[in-house]
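S.K.: Got a sequence here, can you model it:
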Amino acid sequence: MDHRRTPSGKAYVPASWFIVLTVMLCIGAAGWLGWLFVDDDPDTPVATPSPSATTPSQTPSPDPTKTTETTPSPSPEPTKTTEEPEANRDAGVSVLNNTTIQGLAATYSVKVRQAGWTDVRVGNWRGSIAGNTIYFPPQLAEQARLLGDDLDIGRILPSFAPMRTDRLTIILAGPQQ
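M.R.: Predicted coordinates:
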């Protein structure tokens, strides 16, 4: 066994805690890099069509050389201005499938977009949820109620870890109508 000996006769053997710590750091770094590449970052710009991006149409100006006779039309009766202000549907929405029905979240996300919510993402949820539920972070409580009204989901609860804190989360727990 002379070929395995070091010149001084002693080899450096790190302590077991150092070996365990090094392995843990390597695993943690690999997990962090994996999360970095897989995570849907909300700061990443997403190209979505916006209604303000349409080109303005030009209105023709009246020709002063032409005269037309107009009959006075009765003025419309004043209407009550009790209309609600434009609802704020700009929060992000995650639609998660908690069923065995493949593609349910993607199908349901169409209904969410039709209700006026533009930032909609889909995925899967593992766990046990009693029924279709909207989960919200504290700053989005008002929009969660609006989303519940839009989709006829009455079960609206505060979010919990590991849910994202920057968006609403819908978890589908059964077939949808």
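S.K.: helices or strands next to the helix of greatest length in the chain in the packing?
M.R.: Secondary structure of the chain per DSSP state H: the longest helix is helix 16-38. Applying 3 or more Cβ pairs under 8 Å, 6 or more residues apart in numbering; DSSP states H and E, one finds that helix 16-38 contacts no other helix or strand. For glycine as for every other residue, the C-beta is placed from the backbone atoms N, C-alpha and C.
S.K.: mean confidence for it?
M.R.: Regarding helix 16-38, the rounded mean pLDDT is 85.
S.K.: and the next helix or strand after it, which strands flank it?
M.R.: Per DSSP states H and E, helix 16-38 leads on to strand 92-97 as the next helix or strand towards the C-terminus. Counting by DSSP bridges, the strands paired with strand 92-97 are strand 120-124 (parallel), strand 167-172 (parallel).
S.K.: winner for burial among those strands?
M.R.: Each of the strands paired with strand 92-97 was scored by mean neighbour count; the highest is strand 167-172, a mean of 24, by mean count of other Cβ atoms under 10 Å.
S.K.: Only C-alpha atoms, please: export that strand in PDB.
M.R.: This file holds the C-alpha atoms of strand 167-172, laid out as PDB (Å, rounded to 0.1, in the frame of the first residue of the first chain):
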ATOM      1  CA  ARG A 167     -51.900  37.600  -7.700                       C
ATOM      2  CA  LEU A 168     -55.200  36.000  -7.200                       C
ATOM      3  CA  THR A 169     -55.400  32.200  -7.200                       C
ATOM      4  CA  ILE A 170     -58.300  30.100  -8.400                       C
ATOM      5  CA  ILE A 171     -58.200  26.400  -7.500                       C
ATOM      6  CA  LEU A 172     -60.600  24.200  -9.400                       C
END
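S.K.: For that strand, give the mean pLDDT please.
M.R.: On average, the pLDDT along strand 167-172 is 92.
S.K.: Check whether Arg113 really touches Val120, as I assumed.
M.R.: Yes: Arg113 is in contact with Val120 according to Cβ atoms under 8 Å; the separation is 5.5 Å.
S.K.: sorry, back to before: and of the strands paired with strand 92-97, who's closest to Thr99?
M.R.: Comparing the strands paired with strand 92-97 by their distance to Thr99 (Cβ to Cβ), the top pick is strand 167-172, with 6.2 Å.
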